[in-house]
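Trainee: using only what follows, build the 3D model:
(2 chains)
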Amino acid sequence: MFDYKMKLTPEQEAILDGEKGEVMAKVMKTLVLYGDAFEAEKMVPVTATMGHLVTSFGLKVMKPIYDLMDTLIDGGALSGQKFTVDPKPLDPNVPVNFLQDFVFKKFMYSEQEAYDKQLAKLGLQDKDAYTCTCYMDEVGNKPQQGDILSWAESSAVVYANSVLGARCNRNSGIIELFGSIVGCVPYFGLLTDEGRKAKWIVEVKTTKKPEAQILGSAIGMKVVEDVPYIKGLDQWLGTELDGDTCAYLKDFGAATASNGAVGLYHIENLTPEAKEQGESLIAEGAQVYVIDDAELERAYRNYPVMWKKKDAAPKLCFIGCPHLSLAQLKEWTDRISDALRDHGLTKVTVPTVFTAAPGVIEEFNKSYHAARLRNTGVILSYICPLMYMNNPLAKSMPVITNSNKLRTYTTARYYKSDDIVDIITKEVK
Amino acid sequence: MKQFKGRPVVAGTCTAPALVSHGGFNTLASFQGALQFGDLPVIGNKYKQTECDDQNNKDLYRKPMLGKALCLPQTIGSTTGGMILFTANVMGKCPACLLFSEHIDSLAAAGAALSAVWSQSPMPVVDCLGQEFLDTVKDGDSITVSEDGTVTVG
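Mentor: All right, here's what the predicted structure looks like:
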């Protein structure tokens, strides 16, 4: 028996004591230690229907994780709920050269097939459950307001907390699976009313609608892991969570979570808790951060360009990190098509990949936009751009993106969406 | 010589040279190169000492992290963070200890808990050392960590 502070129910104590086997006991012990680090008083039941895991990639180097998964499976410690998982790292539709193909399949992701099988045994929803935007209607893992989740994937957690009003801590990979296995999570942080109060007031005073990815990045870098209460953004986004606004908040939140460690934001007059509780969500002594045009430009100009040759011509463009919504896919299709027509071209001049969830792609392919997109030469994929780029071969490649998350973790160069459209639809000089 | 009293999240002892990050430590961005390519003879040379791969961390970028007393405010970034720390720990590619000036964050706490339960040699983790600790400690300072969370600098 180890010394712990948390108060457990008799059932939880029994698991810890090994009533359901040694492996389940170790799973529970890990969660108790995790909760004790935050002085969590208790465990609370996971109430959401499904889980979401961050680890989708069969990287050869992650052997300790696969060994752990085998231990769980052999010990009968399977997930008590179905789960979705982040996108796959490979897709034959996405262009790779001979060397990349060899390195990806034979070296880097050589464990992908075996890992997919492990996920299926542990409780994966189905073969199409690979996406970072599991909350899309077309995917179906969309929690209700107030649900307690055991999720990881920073962009999904911040979306579920902020836009859907669910409750989830910024759990790490493996911990989220452990919560789904035992059916409970430590009660601390973003699960509590107190933990959802804002320590920052962000005043948006821009003269036009801010680029979601830059606004999120600036806020993430400033508040780091704290909760911001954002004023003035509703003048640009309105007060209803429609498709366009949710897509904006998806991209904004991903930038706050990757450029900082934001797990929850409130937007005045827009997000569910801010609408219900207003400024009572702001903690006493909250600091103030004012964002105007100059501050956004400062953030943008400070992004380092990691290309070896700074003025290299881009060789690949990724749009969709996090994965695009159905509406975004259609909008991007129209933007690219119209821009190509304006420039007297039919195909994009930089190989370009749009990424979205398998379920979203399926729906998109039923629309007339699918043929329109194919005509532009853009590739549509379910891949994870981050995993695709997470290797030295990609590092030497000049890739452009409008994703601040992709910029943060790779050598991809960030451009504003309007600039991206311009670059990929004009003749290369 | 100066002492700071923190909270032992994973109790343990060690002595190691300090490596200091004044900003948030992005675990995935920092470890991704070292974990994937540290063993490769050609492209892995620069990662052998677990060089930090986070281009946004001006304090640590391209500095070796292996066997160092990593002093930091908190970790940030991808929620793979905890499992990356656990993997680095099991593979012997981790810092000697993690010393947080602030309260440990949820990703690092996950890595600490996973290592404590599932690894043969978990690294000591101490948090709540205070801003003065981070203001005082410099790269290369000798750090000694005690079981009770006392950290001696110098």
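Trainee: quick one: pLDDT of A:Asp116?
Mentor: Looking at A:Asp116, its pLDDT is 97.
Trainee: ok, now A:Val224?
Mentor: 89.
Trainee: would you agree it is in contact with B:Leu72?
Mentor: No: A:Val224 is beyond contact range of B:Leu72, at 11.9 Å (criterion: CB atoms under 8 Å). To be clear about C-beta, it is placed using only N, CA and C from the backbone, and glycine gets the same treatment.
Trainee: could you check which of those two is surrounded by more residues?
Mentor: Using other CB atoms under 10 Å in any protein chain shown as the criterion, A:Val224 and B:Leu72 rank with B:Leu72 on top: 26 against 20.
Trainee: the bottom helix or strand of chain B by mean pLDDT?
Mentor: One helix or strand of chain B scores below all others by mean pLDDT, DSSP states H and E: helix B:27-37, with a mean of 83.
Trainee: show the subsequent helix or strand relative to that one.
Mentor: Heading C-terminal from helix B:27-37, the first helix or strand you meet, by DSSP states H and E, is strand B:69-72.
Trainee: dump that following strand to PDB, restricted to CA.
Mentor: The C-alpha trace of strand B:69-72 is given here as PDB (Å, rounded to 0.1, in the frame of the first residue of the first chain):
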ATOM      1  CA  ALA B  69      18.800  19.100 -13.700                       C
ATOM      2  CA  LEU B  70      16.200  20.700 -15.800                       C
ATOM      3  CA  CYS B  71      14.900  23.900 -14.100                       C
ATOM      4  CA  LEU B  72      11.700  25.300 -15.500                       C
END
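Trainee: so how far is the helix or strand following it off the chain centroid?
Mentor: Sequence order places strand B:75-76 as the next helix or strand after strand B:69-72, per DSSP H and E. Relative to the chain's own centre, strand B:75-76 is displaced by 11 Å; criterion: CA atoms, centre = their mean, to the nearest Å.
Trainee: what's next to strand B:75-76, contact-wise?
Mentor: A:224-225, A:260-261, B:24-27, B:81, B:105, B:107-108 (CB atoms under 8 Å, 6 or more residues apart in numbering or on different chains).
Trainee: would you mind naming what in the stretch 1-150 of chain A lies close to chain B?
Mentor: A:26, A:29-31, A:33-34, A:37-38, A:54-55, A:59, A:61-65, A:68, A:108 (CB under 8 Å from any CB of the partner chain).
Trainee: of these, buried ones?
Mentor: Buried by 16 or more other CB atoms under 10 Å in any protein chain shown: A:26, A:29-31, A:33-34, A:37-38, A:54-55, A:59, A:61-62, A:64-65, A:68, A:108, out of these.
Trainee: now do the least confident helix or strand of chain B: distance to the chain's middle.
Mentor: Centre-to-centre, helix B:27-37 and its host chain are 13 Å apart (CA atoms, centre = their mean).
Trainee: for that helix, packing partners?
Mentor: helix A:404-409, helix B:81-90, helix B:106-118 (3 or more CB pairs under 8 Å, 6 or more residues apart in numbering or on different chains; DSSP states H and E).
Trainee: for these, which one sits closest to A:Pro143?
Mentor: Of all the helices and strands packed on helix B:27-37, helix B:106-118 sits nearest to A:Pro143, with 18.5 Å by CB to CB.
Trainee: name the SS class of the residue nearest to A:Tyr187 when sequence neighbours are not counted, please.
Mentor: Leaving aside its chain neighbours, A:Tyr187 sits nearest to A:Val44 (4.6 Å; criterion: CB to CB, 6 or more residues apart in numbering or on different chains). Recorded secondary structure, A:Val44: strand (DSSP: H, G, I helix; E, B strand; the rest coil).
Trainee: before I go, just wanted to say thanks for your time.
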